[in-house]
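Visitor: could you work out the structure for the sequence below:
(chains A and B)
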Amino acid sequence: DTGVSQDPRHKITKRGQNVTFRCDPISEHNRLYWYRQTLGQGPEFLTYFQNEAQLEKSRLLSDRFSAERPKGSFSTLEIQRTEQGDSAMYLCASSLLPSKIEQFFGPGTRLTVL
Amino acid sequence: DAKTTQPNSMESNEEEPVHLPCNHSTISGTDYIHWYRQLPSQGPEYVIHGLTSNVNNRMASLAIAEDRKSSTLILHRATLRDAAVYYCILSNSGGSNYKLTFGKGTLLTVNP
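Guide: Residues are numbered from 1 along each chain as shown, chains lettered A, B, ... in the order given. Below is the predicted model of the structure:
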């Protein structure tokens, strides 16, 4: 069990550029979540997958955001035409439902949009 | 989602017990009570969860009030490594999404 990994750990980009983040969940975890956390706040739910199916998206996930989990293993989160307000920590978590509901979080990707 | 209320901050001394309170007066019958913590510059870490009965694990204990409108996370002997933001969260099992709605949590400071 190597835990949830995220790549990159830090990303600095200019406004208007596209960025993509990757999350590798714990092996065989069927549920994968994305959250976003800004400074001084708790994480906010963005979306989640059950295997490869994206089952729920928060209204926070504007049209510029897209997430995929093509083979039910790793997931990517893409932000198009980044804005300064997108600067945040993007967290990924996985769990194994229905037997275990606890979520295991990765270290996050810190995005800074200049 | 049902809301939780926690103190903004608490302070403890090393090797003493810590009781972190959480109020959730609008909890529904299918809501689980979760506790996660977040150390500086890390992702949140699962601590414990429960539904109706008190729960114990290697990290902590969870005491749930009989009416389920409040709960307390108990760290039996605080260490410096327990200094973190502690989040009390409700998730509704009825919808089966189990997404977590974090508040601002309680910042726990542990004094040596």
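Visitor: which residues of chain B fall in strands?
Guide: Counting by DSSP state E, chain B has strands at residues B:9-13, B:18-23, B:31-38, B:45-50, B:55-56, B:61-64, B:70-75, B:84-92, B:106-111.
Visitor: those: which one's closest to A:Leu46?
Guide: A:Leu46 sits nearest to strand B:84-92 of all these, at 15.6 Å, using Cβ to Cβ. Placement of C-beta: from N, CA and C, glycine included.
Visitor: say whether chain A is contacted by the closest one.
Guide: Yes - counting by Cβ under 8 Å from any Cβ of the partner chain, chain A has neighbours in strand B:84-92: B:Val85, B:Tyr87, B:Ser91.
Visitor: how near is the last one to B:Asn56?
Guide: It refers to B:Ser91. 20 Å (Cβ to Cβ, to the nearest Å).
Visitor: coming back round to it: in JSON lines: the residues of strand B:84-92 next to chain A, plus neighbour count, pLDDT and distance to B:Pro17.
Guide: Shown next, in JSON lines, are those (neighbours: other Cβ atoms under 10 Å in any protein chain shown; pLDDT from 0 to 100; distance: Cβ to Cβ, whole Å):
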{"residue": "B:Val85", "neighbour count": "20", "pLDDT": "97", "distance to B:Pro17": "19"}
{"residue": "B:Tyr87", "neighbour count": "26", "pLDDT": "97", "distance to B:Pro17": "20"}
{"residue": "B:Ser91", "neighbour count": "22", "pLDDT": "85", "distance to B:Pro17": "27"}
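Visitor: pLDDT below threshold where in chain A?
Guide: A:1 (pLDDT under 70).
Visitor: chain neighbours aside, what residue packs nearest to the closest residue to chain B within it?
Guide: Using Cβ to the nearest Cβ, the single residue of chain A nearest to chain B is A:Gly42, 3.0 Å away. Using Cβ to Cβ, 6 or more residues apart in numbering or on different chains and skipping residues adjacent in sequence, the residue nearest A:Gly42 is B:Phe102, 3.0 Å away.
Visitor: pretty sure the one you found contacts B:Ile89?
Guide: Yes - judged on Cβ atoms under 8 Å, B:Phe102 makes contact with B:Ile89 at a distance of 6.1 Å.
Visitor: okay, and the common contacts of the two?
Guide: Listed as contacting both B:Phe102 and B:Ile89 by Cβ atoms under 8 Å, 6 or more residues apart in numbering or on different chains are B:Tyr36.
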